[in-house]
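A.B. asks: Quick one, structure for this:
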Amino acid sequence: MKKLLIEGVKYDKDNESFSFDFTSDDKSSVVNLMSDGPYRLREFDPCTYFGYVFEDDIDSRVKKEFIDLIKYPNQRIRQDDLRKFVFNAVVSLDRKVSLPQYDVIVHPQSSSNLNNEIISEIYKKSLSDKFTTYELIKELPEKMEFNFDAYVKELRKKPGINENNVKQSVSAIEDMMSHLKKLDYVKIGTYVKAKWRPYLKNFFMFKTPEARKAYESLSGRNVLIVDDVSTTRATLQYILNTIRFVNDTCKICCFCLLGNKVKTTISS
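C.D. replies: Next up, the predicted model:
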């Protein structure tokens, strides 16, 4: 099978600009196409796929600039380059999961059009116009809740945990929730510890009550979660929390166009 050549996303330090080259496998690229296999994350079972990951030595400022470039391109990037960038990632995803088996897409509301670009390429690659697409919107911060019952139940299963440990942890979470309700959404994503994210409720909500009821009625369907950029994977966790609470019978796969390399994985 022919390898996709998409390693040539270069950063020009002098001009502080990026260039795309889809004809050569350049090891000095900013990002790496995940053509050799997916990252499968335990916390997002069954699996999470990244189209691209940043190379290890990329400066955080360059990462931010590149994320801004693909999310809010304006005239800084040729539309054909962005389309090809998305297309190659979707082709790689299709080789791994066979997109035609999915007929439901869930994605978060975004100020960027990048999610729409990704979904458009998925439609084309799957040769289907029959996808049901659900958009999740952000709930008001003061309505966010924490599932203390589920958290404490899991915490007590861990070796060496006593009731004093449980009380201390619950108290820390209560303090966090009190502060969290006053934050904006950008800060919430990084403020909540990764181990607490599975228990945070009401970060997202379905765009309409009708959409929620429709998703609730699905039974055993294959659902593809699409998010454009995921560096902390917090958004993915909050999407999963939302849709699993409404319906836990669906078979879910997560896909992000771009993310950071993940250290904790399981074999595919």
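
A.B. asks: Which strands or helices does whichever helix or strand Val223 is part of pack on?
C.D. replies: If you go by DSSP states H and E, Val223 is part of strand 222-230. For strand 222-230, the packing partners by 3 or more CB pairs under 8 Å, 6 or more residues apart in numbering; DSSP states H and E come out as helix 60-71, strand 104-108, helix 114-126, helix 234-246, strand 251-259. Glycine gets a C-beta too; all of them are placed from N, C-alpha and C.

A.B. asks: could you dump the shortest one to CSV, C-alpha only?
C.D. replies: It refers to strand 104-108. Extracted C-alpha coordinates of strand 104-108, given in CSV (Å, rounded to 0.1, in the frame of the first residue of the first chain):
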residue,chain,number,x,y,z
VAL,A,104,-23.4,9.1,13.3
ILE,A,105,-21.0,12.0,13.9
VAL,A,106,-20.8,14.0,17.1
HIS,A,107,-18.7,17.2,17.3
PRO,A,108,-18.3,20.2,19.6
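
A.B. asks: so what secondary structure elements neighbour it?
C.D. replies: Using 3+ CB pairs under 8 Å, 6+ apart, strand 104-108 sits against helix 114-126, strand 132-138, strand 222-230, helix 234-246.

A.B. asks: ok, back up a step: show me the contact partners of the strand holding Val223.
C.D. replies: The contact list for strand 222-230 (CB atoms under 8 Å, 6 or more residues apart in numbering) reads 50, 67, 70-71, 97, 99, 101-108, 110, 112, 114-115, 118-119, 122, 235-236, 239-240, 243, 250-259.

A.B. asks: Quick check: which ranges of the stretch 1-150 of the chain have low pLDDT?
C.D. replies: For the stretch 1-150 of the chain, the stretches flagged by pLDDT under 70 are 1-8, 24-28, 34-47, 128.

A.B. asks: What ranges does it have for its strands?
C.D. replies: 8-12, 17-21, 31-33, 47-54, 104-108, 132-138, 145-146 (DSSP state E, counting those that start in this stretch).

A.B. asks: Roughly how far does Leu82 sit from Lys157?
C.D. replies: For Leu82, the distance to Lys157 (CB to CB, to the nearest Å) stands at 46 Å.

A.B. asks: Torsion angles phi and psi at Val30?
C.D. replies: Main-chain dihedrals, Val30, degrees, to the nearest 10: phi -70, psi -40.

A.B. asks: nearest residue to Lys84 other than its sequence neighbours?
C.D. replies: Phe22 (5.6 Å; CB to CB, 6 or more residues apart in numbering).

A.B. asks: Surely the one you found touches Leu82?
C.D. replies: No - taking contacts as CB atoms under 8 Å, Phe22 lies outside contact range of Leu82: 11.6 Å.

A.B. asks: And the nearest residue to Arg83 once chain neighbours are set aside, how close does it get to Pro73?
C.D. replies: When the adjacent residues along the chain are set aside, Arg83 lies closest to Glu117, with 7.1 Å between them (CB to CB, 6+ apart). From Glu117 across to Pro73, the span is 10 Å (CB to CB).

A.B. asks: same check, this time on Ala150
C.D. replies: Counting by CB to CB, the gap from Ala150 to Pro73 is 41 Å.

A.B. asks: State the number of residues packed around Asp227.
C.D. replies: Neighbourhood size, Asp227 [other CB atoms under 10 Å]: 23.
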